[in-house]
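[1] Sequence and predicted structure below; questions after.
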Amino acid sequence: MDESQKTGRSISDQKNAQDALDVSVKGSLNKIKNKIIVMSGKGGVGKTSVSVNLSIALANKGFKVGLMDVDLHGPDVPRMLGFKGMMDLSENRKLNPMKYSENLKAVSIESLTSDKDAAIIWRGPIKHSTIRQFIGDVEWGELDYLIIDSPPGTGDEPLTVVQTIPDAKAIIVTTPQEISLADVRKSISFCKTVGMKILGLIENMSGFTCPHCGEKLNLFGYGGGERTAKEAELKFLGRIPFDLNLVSCGDSGSSIQDKYKDSEVTRAFLSIADIISKIKQETKIKQEIKNRRDNTMKFAIPLADGKLTAHFGHCKEFAFIDVEENIIKKKEIMVPPAHEPGVLPKWLHEQGVNVIIAGGMGNKAQVLFNEQDIKVVTGAQPLEPEELINSYLNNALVTGNNLCDH
């Protein structure tokens, strides 16, 4: 076999392996409901501590959580969770994540190396491949949340996460001091540039209560994270106070939330976990409503003698027609309230109408209907309601000039 044949087979093998990983990554992500990357503009703000404790808080609330450590040069997650040893392989020849509890498991490069103190000296392409393997070649299973702990800044690792997990959302961690906030604004800019949604900001090391006298000291300032969130029109998720027990627990690989259940830190993380879970629930409800609106429509058509009339504002009756999956399901004739400015938009919104087909309508009235999230179609011909709606559903509705009646 000559060199060209060897090279050709090598390129083909690499492509096949890449295609297989692409399929595996997609399969893993399809089983994970929510993906959150925890970012910081600079080091030393306690980002990994936040990632670990947020994961524990969500797991303690009954959610299935995976924690993926993509801080490849400074992988601290295993030590904070008290992991020993290395990951093994599942029956499917995938890596089993290290298990912290029934609801929490984690993956880190440190759990793949025998020498925990060895430096990881990698360039971008290797990092990119490793992070993708952390998703596709790991037996994550069904998860409610995948929390991704990224290194500080806006380099290869968070960019790879964005490219590999397009529906990932960011939580940005900062301390109250201005130098940290300046770097946070760069993280916000990064998210906007790459099109990644931001769940909100967390202010870490926000105040310290002296264990001896009880006096509260603002070691790094106070309130800067909340101000930055407000200026950037982002949600402020909460403050985590500085606590010496959090430091000692992190060093010993134990959870402050288990050892100090009534501490301010524990309450803060549980509160943030509540906010995040409610955000996701609100998003789910909004999506369900949108799906229902996409598949279910209610039309309003002003009538005179059973057909559309051009005199919208002064018609004596409306036909309300419900449509599901592009099929007319129900028709109802109703008499509108007495005509006064602004009455009809409110009344039709209360009836659940989302599309009006009219002969004519003034610009001011159309604005009022748009404010009620009701679509207006003008210039329709004086036909029976069913004929108009079937034409609309088949993209065949003929419309002319807006026959405005006033």
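    Right, received. Where do you want to start?

[2] Flag every buried residue along whichever strand or helix holds residue 229.
    Per DSSP states H and E: residue 229 is located in helix 224-231. Within helix 224-231, the residues that count as buried by 16 or more other CB atoms under 10 Å are 224-226, 228-229. C-beta here means a position set from N, CA and C on the backbone, and glycine is covered the same way.

[3] Adding pLDDT, write those out as TSV.
    Formatted as TSV, those follow (pLDDT from 0 to 100):
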residue	pLDDT
224	78
225	84
226	87
228	88
229	88
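
[4] which residues does residue 183 contact?
    Going by CB atoms under 8 Å, 6 or more residues apart in numbering, residue 183 touches 40-42, 152, 174.

[5] give me that answer again for 6 Å
    Residues in contact with residue 183 (CB atoms under 6 Å, 6 or more residues apart in numbering) are 41-42.

[6] Check for me that it belongs to a helix.
    Yes. Checked against DSSP: H, G, I helix; E, B strand; the rest coil, residue 183 lies within a helix.

[7] Could you pull out the helices in the stretch 301-406 of the chain for me?
    For the stretch 301-406 of the chain, applying DSSP state H, counting those that start in this stretch gives helices covering 343-350, 363-371, 385-393.

[8] And for the stretch 151-300 of the chain?
    156-164, 178-194, 224-231, 244-252, 256-259, 264-295.

[9] Got the phi and psi for residue 106?
    phi -150, psi 160 (degrees, to the nearest 10).

[10] From residue 143, how far off is it?
    Distance, residue 106 to residue 143, using CB to CB, to the nearest Å: 12 Å.

[11] In which helix or strand does residue 51 reside?
    In this structure, residue 51 is located in helix 47-60 according to DSSP H and E.

[12] now the residue nearest the centre of the chain, which residues is it bridged with?
    With distances taken as CA atoms, centre = their mean, the residue of the chain nearest its centroid is residue 169 (4.6 Å). When assigned by DSSP bridges, residue 169 has beta-bridge partners residue 36.

[13] Touching, it and residue 191? I think so.
    No. With contacts counted by CB atoms under 6 Å, residue 169 stays clear of residue 191, the gap being 8.9 Å.

[14] pLDDT at residue 46, what is it?
    Turning to residue 46, the model gives it a pLDDT of 88.

[15] Secondary structure element for the residue lying closest to residue 250 once chain neighbours are set aside, which one?
    Spatial nearest neighbour of residue 250, excluding adjacent residues (CB to CB, 6 or more residues apart in numbering): residue 80 at 4.9 Å. In this assignment (DSSP H and E), residue 80 forms part of helix 77-81.

[16] Residues touching that helix, excluding its own?
    52, 69, 100, 106, 108, 110-111, 149, 250, 253.

[17] helix or strand right after that helix?
    Note on helix 77-81: by DSSP H and E, the next helix or strand toward the C-terminus is strand 98-99.

[18] Residues contacting that next one, please?
    Strand 98-99 is contacted by residues 83, 105-106, 111 when judged by CB under 6 Å, 6+ apart.

[19] ok, residue 256 - contacts?
    Here residue 256 is in contact with 245-246, 249, 265 (CB under 6 Å, 6+ apart).

[20] Actually, residue 313.
    Residue 313 neighbours (CB under 6 Å, 6+ apart): residue 339.

[21] Now do the helix holding residue 51 and helix 244-252, the angle between them.
    Angle between the axes of helix 47-60 and helix 244-252 is 90 degrees (criterion: axes from the mean of the first three to the mean of the last three CA atoms, to 10 degrees).

[22] closest to residue 315 among the buried residues of helix 224-231?
    residue 229 (49.1 Å; CB to CB).

[23] List the residue ranges of the chain that fall below the pLDDT cut-off.
    1-9, 13, 114-119, 121, 208-209, 214, 218-221, 280, 283-295, 403-406 (pLDDT under 70).

[24] Domain map for it?
    23-261, 294-393 (automatic domain parsing).

[25] and the last one, how far from the chain's centre?
    To tie it back to what came earlier, the one meant is domain 294-393. Offset of domain 294-393 from its chain centre (CA atoms, centre = their mean, to the nearest Å): 35 Å.

[26] just the strands in the stretch 301-406 of the chain please.
    Counting by DSSP state E, counting those that start in this stretch, the segments of the stretch 301-406 of the chain that form strands are 307-308, 317-324, 327-334, 355-357, 375-377.

[27] Kindly compare burial across those strands and name the winner.
    strand 355-357 (a mean of 22; mean count of other CB atoms under 10 Å).

[28] just checking, what packs against that one?
    strand 296-304, strand 375-377 (3 or more CB pairs under 6 Å, 6 or more residues apart in numbering; DSSP states H and E).

[29] Please render these as TSV that adds distance to residue 65 to the earlier fields.
    As requested, the helices and strands packed on strand 355-357 are exported to TSV (distance: least, CB to CB, whole Å):
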stretch	distance to residue 65
strand 296-304	35
strand 375-377	41
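
[30] Between residue 106 and residue 143, tell me which one has more neighbours.
    residue 106 (25 against 20; other CB atoms under 10 Å).

[31] Please name the nearest non-neighbouring residue to the more buried one.
    Leaving aside its sequence neighbours, residue 106 sits nearest to residue 67 (CB to CB, 6+ apart; 3.9 Å).

[32] thought that neighbour was touching residue 145?
    No. Using CB under 6 Å, residue 67 is not in contact with residue 145; the gap is 9.0 Å.

[33] how about the residue nearest to residue 222 when sequence neighbours are not counted, phi and psi?
    Leaving aside its chain neighbours, residue 222 sits nearest to residue 176 (5.3 Å; criterion: CB to CB, 6+ apart). Dihedral angles of residue 176 (phi, psi; degrees, to the nearest 10) stand at phi -70, psi -20.

[34] And for residue 75?
    phi -80, psi 100.
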